[in-house]
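Visitor: Return atomic coordinates for the entry below.
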Amino acid sequence: MRKTITSITLGIGLLMMSGCTPTPPTYDEVRAETVAVLTQVADMVPEPRSIEPNESFDPYPCGDSLSLGASKGSFYTGQWLIFVDGSFDVTAFIDQFPEALGDGWRSDSLGIPVSHPQVYLVRDSPRMSLTVEERTFEGRRAVELLAISRCGTLSEDQRP
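Guide: Alright, predicted model coming up:
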């Protein structure tokens, strides 16, 4: 038994040294994963609707002390406002999550009480968080989506 455990341990060590560890995703891949989820949720909102993505976020380092991370790479932040008409029941829309997204998603707590409808969702694989909440922006009602991707590696031309 001891010989078997030693052989397995040695084999795993050799695989790790030879580079057979999983390749981390690229920033473009994690961005695409996140945009796909944002699109999935936006498509659940019936017409009439107006979708306004916020493209002002730069890649944020996963190892930055402010993000409490220790990983290499950067994460993508996707923020979309989906403007709806007055008849749309935003609270009922938010109440359908996480079931509406399917397996792998769960509700979690941000630990911050809010006075408006909101749900914070987490998916463990591939890792992502998504907040869905009701907003009023410039007098217009909206569903706000805020998604944070897992870490991805930046290409040379994406690095600051």
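Visitor: From residue 153, how far out is the nearest residue to residue 100 once chain neighbours are set aside?
Guide: Nearest residue to residue 100 in three dimensions, chain neighbours excluded: residue 44, at 6.3 Å (CB to CB, 6 or more residues apart in numbering). Any C-beta I mention is one placed from the backbone N, CA and C, and that applies to glycine too. Using CB to CB, to the nearest Å, residue 44 is found at 31 Å from residue 153.
Visitor: swap in residue 105?
Guide: Distance from residue 105 to residue 153, by CB to CB: 25 Å.
Visitor: circling back: is it true that the residue nearest to residue 100 touches residue 93?
Guide: Yes. Look at residue 44 against residue 93 with CB atoms under 8 Å: they come within range, at 7.4 Å.
Visitor: hang on, the earlier thing: more crowded one of residue 44 and residue 153?
Guide: Counted by other CB atoms under 10 Å, residue 44 and residue 153 do not tie: residue 153 has more neighbours, with 18 against 15.
Visitor: for that one, what are its contacts?
Guide: Shown in contact with residue 153 (CB atoms under 8 Å, 6 or more residues apart in numbering): 24-27, 72-74.
Visitor: before we move on, what about residue 126?
Guide: 25, 30, 33, 150.
Visitor: can you redo the residues you listed as TSV with pLDDT, secondary structure and neighbour count?
Guide: Output for the contacts of residue 126, formatted as TSV (pLDDT from 0 to 100; DSSP: H, G, I helix; E, B strand; the rest coil; neighbours: other CB atoms under 10 Å):
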residue	pLDDT	secondary structure	neighbour count
25	95	coil	18
30	96	helix	25
33	97	helix	21
150	94	coil	22
